[in-house]
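# Pasting the sequence and the predicted model now:
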Amino acid sequence: MKATKNIRWWIIATIFLATTINYIDRQALSVAAPVIREDLNLSNEQYSWIVSSFLLAYTIMQIISGRLIDVLGTKKGFSIAIVWWSIANMLHAFGSGMLSLGIFRFLLGIGEAGNYPAAMKAISEWFPKEERSKAVGIVNMGPGLGAIIAPPLLAWLIISFGWKMAFVVTGALGFFWLLLWRWIYYEPEQHPKISKEELKLIQGKKELEQTKEKLPWVHYFRYKEVWGLALARFVSDGAFYFFVFWLPSWLADEKGFSLTEIGMFAWIPFLFSDIGSFVGGWTGEKLISKGFSLNASRKWVLWVGAILVVPVLGCLYVESPYIAITLISISLFATQFKQSSLFTLPIDVFSKKDAASVWGITGSAGSFGAMLFTPIIGWLVDTISYSPVFVIVAFLHIISALLIMVFIPRIQPIFNNK
């Protein structure tokens, strides 16, 4: 069979597509929220508990799915995850109140939790460290693209066919992706279309990792690096989820946007988040190629991104919704610029055998933090306003960067020095 040049980049494009679908399905509820809340007579606090049910499942299952993917393998594990979450998303069409939507949201969280552990394991299998930040940056553009596509797509589906059909259509996307995944993904050594040159590049760059035995699961918690990564995700993930789950409601409640206007404008900040993810990954790779150490390049990207999130505070002082959208766009660019570095650290520090498990632990910490933050958002919005939420969001990423500095003073592969 004829080899395909740079097959690893075709694989990362396929994973990027899965992550895009993941976030279209995830954001379907937030775009439909103004309509569903009115149709089912739900308060902001009730809506926040529905969102939290997703995050509860996501928190629990990232640890479990990370371990399962390490055991089952990337191809099979990713396949099971996307089938599960696609069916769960379609079940939302049968939602009739807070309880049923909460249950379906919980089921969605179980399946969607497998996406990132599988993606990070694939990157650890297919990419040398010099290319990993770019690969992670590309995958991490998926949430932004999903959030770009979701508002206009969902608004059109809801206006044309009703909110229930919107969940059926978006849920069906995963089954089309599954056909592509089953065809394209194998480990490098078994891939029928990999060239000898590409296989040599991948294997030659990972000799040290191949000498490392897989850690027993409980042993991960003995490493301060795991605690640092988990705490950094715990405090920062909720900031991004605020915009994923609440931006359409904020535009409707505070700026008077109709569903049509939400479809026209709510995608713009996520376009900038996509750009930030790619630029962050590219910057990390470029700094290494210019002679920066792994430690210096990752932390430079972390701090620049964390600081550039702060201008989102300007949303509290501007009347124009378009200026506010601009400030949120800058914030989401900076968020994903930073996260392209933070998300790469588990596969920088741990071996490919441990990548999905470590990612699962840190991802669970992130979604747990977001789960705790979400009902607080609902309570603050119902009792005070969105203002304190924006203040909190502005500084969470700086705290996240500080935690990395404290727990991981020097970023380097753990199997080289422990």
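Noted; the coordinates are in hand.
# where do the helices sit along the stretch 51-200 of the chain?
74-91, 98-112, 115-126, 129-139, 141-161, 163-184, 196-204 (DSSP state H, counting those that start in this stretch).
# Including mean pLDDT and distance to residue 309, could those helices go into CSV?
The C-beta positions use only the backbone N, C-alpha and C, and glycine is treated the same way. CSV is the format used below for these (pLDDT from 0 to 100; distance: least, Cβ to Cβ, whole Å):
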stretch, mean pLDDT, distance to residue 309
helix 74-91, 94, 29
helix 98-112, 94, 24
helix 115-126, 87, 21
helix 129-139, 80, 17
helix 141-161, 87, 15
helix 163-184, 93, 29
helix 196-204, 76, 35
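# tell me the most buried of those?
helix 115-126 (a mean of 28; mean count of other Cβ atoms under 10 Å).
# what's next to it, contact-wise?
8, 11-12, 15, 18-19, 22, 62, 65-66, 69-70, 74, 77-78, 81-82, 85, 132, 135-136, 139, 185, 187-188, 202, 209, 343, 346-347, 351-352, 355-357, 359-360, 363 (Cβ atoms under 8 Å, 6 or more residues apart in numbering).
# From the chain's centroid, how far away is it?
13 Å (Cα atoms, centre = their mean, to the nearest Å).
# quick one: the helices in the stretch 201-350 of the chain?
Using DSSP H, counting those that start in this stretch, helices in the stretch 201-350 of the chain cover 207-210, 224-255, 259-265, 268-289, 294-308, 321-342, 345-349.
# And those, which one averages the lowest pLDDT?
The minimum mean pLDDT among the helices of the stretch 201-350 of the chain belongs to helix 207-210 (a mean of 48).
# from memory residue 137 sits against residue 275, does it?
No: when contacts are counted by Cβ atoms under 8 Å, residue 137 is not listed as touching residue 275 (10.3 Å).
# one step back: which of the helices of the stretch 201-350 of the chain sits closest to residue 399?
Of all the helices of the stretch 201-350 of the chain, helix 224-255 sits nearest to residue 399, with 5.0 Å by Cβ to Cβ.
# Show me what counts as buried in the closest one.
225-252, 255 (16 or more other Cβ atoms under 10 Å).
# How about stretch 295-313?
Buried residues in stretch 295-313, counted by 16+ other Cβ under 10 Å: 297-299, 301-306, 308-310, 312-313.
# Out of the residues you listed, which comes closest to residue 163?
residue 312 (29.1 Å).
# To residue 46, which of the helices of the stretch 201-350 of the chain lies closest?
helix 224-255 (12.5 Å).
# can you give me the offset of the closest one from its chain's centre?
Distance, centroid of helix 224-255 to centroid of chain: 10 Å (Cα atoms, centre = their mean).
# Leaving out the residues flanking it, which one is nearest to residue 157?
Take residue 157 and drop its neighbours on the chain: the residue closest to it by Cβ to Cβ, 6 or more residues apart in numbering is residue 166, 3.9 Å away.
# Report the contact partners of that neighbour.
Applying Cβ under 8 Å, 6+ apart to residue 166 gives the contacts 28, 32, 154, 157-158.
# Low-confidence ranges, the stretch 301-418 of the chain, go.
Residue ranges of the stretch 301-418 of the chain with pLDDT under 70: 352, 355, 415-418.
# Try it again at 90.
Applying pLDDT under 90 to the stretch 301-418 of the chain picks out residues 315-321, 340-341, 343-364, 367-368, 370-372, 374-379, 381-386, 408-418.
# got a list of what residue 112 touches?
By Cβ under 8 Å, 6+ apart, the contact list for residue 112 reads 22, 25-26, 54, 58, 81, 85.
# do that again at 7 Å, thanks
For residue 112, the contacting residues are 22, 26, 58, 85, by Cβ atoms under 7 Å, 6 or more residues apart in numbering.
# Look up how far residue 89 lies from it.
9 Å (Cβ to Cβ, to the nearest Å).
# so what pLDDT did residue 3 get?
63.
# Now residue 343. Its backbone dihedrals?
Main-chain dihedrals, residue 343, degrees, to the nearest 10: phi -70, psi -20.
# Apart from its chain neighbours, what residue comes closest to it?
residue 136 (5.2 Å).
# Any figure for the gap between that neighbour and residue 115?
13 Å.
# and what of residue 344?
Distance of residue 344 to residue 115, computed by Cβ to Cβ: 16 Å.
# which outside residues touch stretch 265-278?
Counting by Cβ under 7 Å, 6+ apart, 137-138, 140-141, 143-145, 147-148, 151-152, 243, 247-248, 251, 325, 328-329, 332-337, 340 sit against stretch 265-278.
# next one: stretch 366-386
43-45, 47-49, 51-52, 55-56, 58-59, 62, 233-235, 237-238, 241-242, 245-246, 250, 254, 388-389.
# Check the offset of that stretch from the chain's centre.
The answer for stretch 366-386 is 19 Å, by Cα atoms, centre = their mean.
# All good on my end, thank you.
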